[in-house]
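1. What follows is a predicted protein model with its sequence.
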Amino acid sequence: MIALKVAQFGEDMAFVLSDEARELLGVKEGDTVYFEAAPEGGLRLAKLDMSFEARRERGRAYLKRYQKTFDALAK
């Protein structure tokens, strides 16, 4: 487990990533990382690959997950 330090920069707060955390996430200054609730509980932190293929796969997964809902709404 990697610990992240929280630092205050003016009005903003930020996580300070260690070299190990930056390497693991594959991030550099200026990149954006995302938090999301993990299905098993807790939080997930990741750098998203927003290439066309990655976005298409996320879209397909979303549609598959909610297919029954979309079918019910279409009636």
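-> Received the coordinates, thanks. Numbers count the residues shown, from 1 in each chain.

2. what's near enough to touch the most centrally placed residue in the chain?
-> When the chain is reduced to its mean C-alpha position, the nearest residue by C-alpha atoms, centre = their mean turns out to be Tyr34, at 3.3 Å. By C-beta atoms under 8 Å, 6 or more residues apart in numbering, the residues touching Tyr34 are 45-48. C-beta here means a position set from N, CA and C on the backbone, and glycine is covered the same way.

3. before we move on, what about Val6?
-> Val6 sits next to 13-16 when contact means C-beta under 8 Å, 6+ apart.

4. Same check on Leu25?
-> Taking C-beta under 8 Å, 6+ apart as the contact definition, Leu25 lies against 17, 33, 45-47.

5. what about the chain, any weak spots by pLDDT?
-> Per-residue confidence for the chain (pLDDT under 70) gives these ranges: 49-50.

6. that older thread, tabulate the contacts of Tyr34 (a markdown table), appending distance to Met1, secondary structure and neighbour count.
-> Shown next, in a markdown table, are the contacts of Tyr34 (distance: C-beta to C-beta, whole Å; DSSP: H, G, I helix; E, B strand; the rest coil; neighbours: other C-beta atoms under 10 Å):
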| residue | distance to Met1 | secondary structure | neighbour count |
| --- | --- | --- | --- |
| Leu45 | 12 | strand | 16 |
| Ala46 | 16 | strand | 12 |
| Lys47 | 18 | coil | 14 |
| Leu48 | 22 | coil | 13 |
